[in-house]
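[1] Build me a model from this:
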Amino acid sequence: MQGEIRISDDNNLQAIRMTMGDSSRDQQLSQATEAHQHGDFQTAEKMYRKMLDSAPDDNVGYLLGTLLLQKGDPAQAVEHLKPVAERNPGSADLQNNLGVAYQSLGKRQEAVKAFQAALKANQDYPQAWQNLGKLLWEMNHRREAEMCYREAVRLLPDDLQCRQDWTQALVSTEKWDEAAREIVTLLEQGKLSAEDRIEWKTQLAYVAAQQHDYPRAIELSEEILASQPENMAILSNLSFLYEHVGRIDDAIQAAEKAHQQAPESAEILNNLGIAQRTAHRCDDAIESFSKAIDLNPELTLAAFNRGSTLLLTERYQEGWSDYENRLRLIPQQDDLKALPLWNGEPVPGKKLLIACDQGFGDILMFARFLPLIRERSEAVTTFRVPPEMLRLFNGSRLNGLPLADRFVSEEDPLPQADFYFPLMSSGARFSLGIDEIGMTAPYLQAPGSMSESTPETSAAPRKIGLCWRGNKAQAQDHVRSLALETLRPLAESTDVEWVSLQVDATEEELASWPASMQTSSPPLTNFAETAALLAQLDLVITVDTAVAHLAGALGRPTCALIPWLPDWRWHLNRSDSPWYPTMRLYRQPAWGDWTSVVAELQNELRQSN
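    The predicted model follows:
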C-alpha cells in the first residue's frame, strides 16, 4: 500500500529567486516553463539547455534537473540538481527532487540526506516527509518510517494514499490501538475502492487478533467471507481464529475447505494441523504437518509444530529434531552467533557457554540437564541466565555439586568461550526418551540466607500458594491463565492460610478473595526470593507458568491447572508429570472449562482436611 514518490516541480520560480537581467531572457524562460507545464518536455529541455549555454543560472538548472527526473533520466537529473542544491541549501523543492533522483538510482544514503535537507529547509514540507518515509520503509527502518508518515498525514490529512501508508506503518510497528482507530477511519470515510476496502477490513481483523480481541476478528473475517465465500486466505485465517476461541470443529472445517481450494498451500495444511491437534487428533495433525513440510520444506513453523506434537504425544526421540526448528523461529542473541555450536562431543578443558533460548519456565525445566552437559562435554561450563535467576542458580546444588562451573547474568558482557550450546537443545543433543528426563532429587534450592529474609507465613495448619496468571505476552496466555474469581470455591476450605504468588496481583483482586490472602512484603523481585517463599508452603496451586516449574524443581507438592490443549511438556490424558514427581495435573475436560478443574481440586482439598 505504499504511495508513489512525488516530484515537486514548482515552475513558478518561487523555489530559487534569481534576478533576470533582460526581458528577452525572461520571455524565453516563460516560454520554456509553459512548455514544461504542458508536458512538452522536448521543447522545454532544448530551451533550458540553450539558456544555460548562454549563462549559468541556478533557477534554470533546477528546472532542467526536474524535467530530466520527470522524463526518467535520474542520472542526468543529479548532474544538474546536485551543484544547484549545494549552492541553495534552503530550497526544500530542490533538495526533495535531488532525493528522488538519488533514490531512483538506488543511492539510498544520498537520498536520505537530500530528503533530510529538504526538511531542514522546511519542516512542514509534506512531500519530503512522505518520500523519506517511503525510503526508510524500503530500507526496513519501519519505526522511523512510521514517524515520517505521521508527519506527512499531519500536513496532508485528506490525502488518502498518505493515510494508508501511515496506517500500514502503524500495523507493521505493532501500534495496535492506533492502527485499529486509523483503519476504522479509512473504512468510515467511504473513499476506498471495493478491493481496498476488503484489504483494510482484513487488516483490521488481523489487528483485532493481535489485540487478543478474537471475537471481533472473527466477526470481521466472517463479514468478508460472506461477500467472498471462496476467499481461501480468509478461510485459513478463520481456522486460526476459531481455534483460539475453542470453536474446534469450525476451525477444522474452515481449514479443510481452504485446503480443498488450495491443495498446494503448505500454510493452510499447517493451520489444519493446529486445529486437529487442538481436537486431540494428534495423528491427523502430524500427518498434516508432514504434508505441509513436503510441500514447502522451508516452512519452519510446520516442522516445529510437528516436533511439539510428537513431544506432546510422548514420542520424544522422534520429536526433538523437529523441535530444534524453534531456533529458526525465535531470534537468537547476536553476540552468540560468532561462537561455534557444541556438537555433543567431548571438548576437555574447553570453555562451553550454555545459553537460555526460551522463557523462564523452559530454563527452570531444562536446568536439570546442566550436569549432563558438563559430564558429556568435559568442558568448563558457564551458564548465562536472566538476572532474575542468577542468585537462584548460584545457590542450587545437585548431589552436593553446583549445576554448572560458573553462572553469569545476561546483562553482563559475554564471557570468553570456545563453544556455546542452547539449553533447550539438550533433548535433541542427547536423544532423550521420556523415561530419561525425570528428576531423582530437587535440583534447585533457595539460598540458605533467603529463608530468614523472606516473611514467614502464619501458623495455620496448611499454607497454600496461588498463582493464577502468566505473562500476557505469551501466545497461549489466553488459554492457560484464569481469573482469581474462578478459584473462589477453593476459599471455602478451612484451616488454610492462602499466599499470593502472583507478583502482578492488583489490590482489587486480592480484596475480592473471601478468605485471608497473604502477600510478600516487599514484593518478590527474583526467583531466589520466590523459591524461599515456596519452600515454606505446604502446597502450590498454579497455572502453567514459571511458578509451576520452580515449585516442581524444588520438589514442592504442586497442583498444576492445565488447559484443554496443554503445552507439549504436560502431555495428554495423564494426571502425573514425568518431569516433576511431586506435581499433580488437573486438566480441563473441555475447552475453557476451568469450573470442572476447580471443583475437582476443591473436592480433594476437602478430603485432605
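
[2] Please count neighbours and contacts with C-alpha atoms only from this point.
    Noted.

[3] where does the stretch 351-500 of the chain dip in pLDDT?
    For the stretch 351-500 of the chain, applying pLDDT under 70 flags the ranges 449-460.

[4] Residue 109 - how many residues pack around it?
    14 (other CA atoms under 10 Å).

[5] where along the stretch 251-400 of the chain do the helices fall?
    For the stretch 251-400 of the chain, helices defined by DSSP state H, counting those that start in this stretch occupy the ranges 266-278, 282-295, 300-312, 316-323, 326-329, 360-366, 370-377, 390-394.

[6] pLDDT of stretch 592-609, averaged?
    Averaging pLDDT along stretch 592-609 gives 93.

[7] Let me see the residues that make contact with it.
    With contacts defined as CA atoms under 8 Å, 6 or more residues apart in numbering, stretch 592-609 is touched by 246, 479, 482, 486-487, 489-490, 493-494, 561, 563-564, 586-589.

[8] now stretch 330-339
    Contacts for stretch 330-339 (CA under 8 Å, 6+ apart): 357, 414, 417-420.

[9] ok, and for it, which residues are buried?
    Buried residues in stretch 330-339, counted by 16 or more other CA atoms under 10 Å: 332, 336.

[10] From the chain's centroid, how far away is that stretch?
    Put simply, stretch 330-339 sits 17 Å off its chain's centre (CA atoms, centre = their mean, to the nearest Å).

[11] Numbering from 555 from now on, please.
    Renumbered: residue one is now 555, and that last one reads stretch 884-893.

[12] returning to that earlier point: now the helices of the stretch 805-954 of the chain in a markdown table, with distance to residue 959 and mean neighbour count?
    Compiled in a markdown table, these are given as follows (distance: least, CA to CA, whole Å; neighbours: other CA atoms under 10 Å):
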| stretch | distance to residue 959 | mean neighbour count |
| --- | --- | --- |
| helix 820-832 | 41 | 27 |
| helix 836-849 | 40 | 21 |
| helix 854-866 | 30 | 25 |
| helix 870-877 | 27 | 21 |
| helix 880-883 | 25 | 15 |
| helix 914-920 | 17 | 19 |
| helix 924-931 | 8 | 18 |
| helix 944-948 | 10 | 21 |
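
[13] Out of those helices, which gets nearest to residue 1081?
    Minimum separation from residue 1081 across the helices of the stretch 805-954 of the chain (CA to CA) falls at helix 944-948, 6.1 Å.

[14] tell me how far the ends of stretch 1126-1146 are from each other?
    16 Å (CA to CA, to the nearest Å).

[15] ok, residues contacting the longest helix anywhere in the chain?
    For the chain, the helix with the greatest residue count under DSSP state H is helix 748-764. Here helix 748-764 makes contact (CA under 8 Å, 6+ apart) with 725, 730, 733-734, 737-738, 741, 768, 770-772, 774-775, 778, 788, 795.

[16] Rounded mean pLDDT for that helix, please.
    Here the average pLDDT along helix 748-764 is 96.

[17] So residue 1141 sits against residue 1113, correct?
    No. The pair residue 1141 / residue 1113 is not scored as a contact, 10.4 Å apart, by CA atoms under 8 Å.

[18] Can you list the low-confidence ranges for the stretch 755-904 of the chain?
    In the stretch 755-904 of the chain (pLDDT under 70), no residue qualifies.

[19] what about the strands in the chain?
    Shown for the chain, the strands assigned by DSSP state E span residues 905-909, 934-939, 951-952, 955-956, 960-963, 973-976, 1016-1021, 1050-1054, 1071-1072, 1093-1097, 1112-1116, 1137-1141.

[20] closest to residue 818 out of the ones you listed?
    Comparing these by CA to CA, strand 973-976 comes nearest, at 34.6 Å.

[21] Which other helices and strands does the closest one contact?
    strand 905-909 (3 or more CA pairs under 8 Å, 6 or more residues apart in numbering; DSSP states H and E).

[22] got the buried residues for the strand it packs on?
    Buried, per 16+ other CA under 10 Å, within strand 905-909: 905-909.

[23] now stretch 1044-1063
    In stretch 1044-1063, counting by 16+ other CA under 10 Å, buried: 1044-1045, 1047, 1050-1056.

[24] Ok, stretch 628-647 next?
    628-629, 631-632, 634-636, 638-639, 642, 644-647.

[25] Quick one: mark the members of those residues that sit in helices.
    628-629, 631-632, 634-636, 638-639, 646-647.

[26] Output those residues as JSON lines; include the columns pLDDT and distance to residue 620.
    Below are these laid out as JSON lines (pLDDT from 0 to 100; distance: CA to CA, whole Å):
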{"residue": "628", "pLDDT": "95", "distance to residue 620": "9"}
{"residue": "629", "pLDDT": "96", "distance to residue 620": "12"}
{"residue": "631", "pLDDT": "94", "distance to residue 620": "7"}
{"residue": "632", "pLDDT": "96", "distance to residue 620": "9"}
{"residue": "634", "pLDDT": "93", "distance to residue 620": "9"}
{"residue": "635", "pLDDT": "95", "distance to residue 620": "8"}
{"residue": "636", "pLDDT": "95", "distance to residue 620": "11"}
{"residue": "638", "pLDDT": "94", "distance to residue 620": "12"}
{"residue": "639", "pLDDT": "95", "distance to residue 620": "12"}
{"residue": "646", "pLDDT": "93", "distance to residue 620": "13"}
{"residue": "647", "pLDDT": "92", "distance to residue 620": "10"}
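
[27] If anything else comes up later, I'll come back, but that's it for now.
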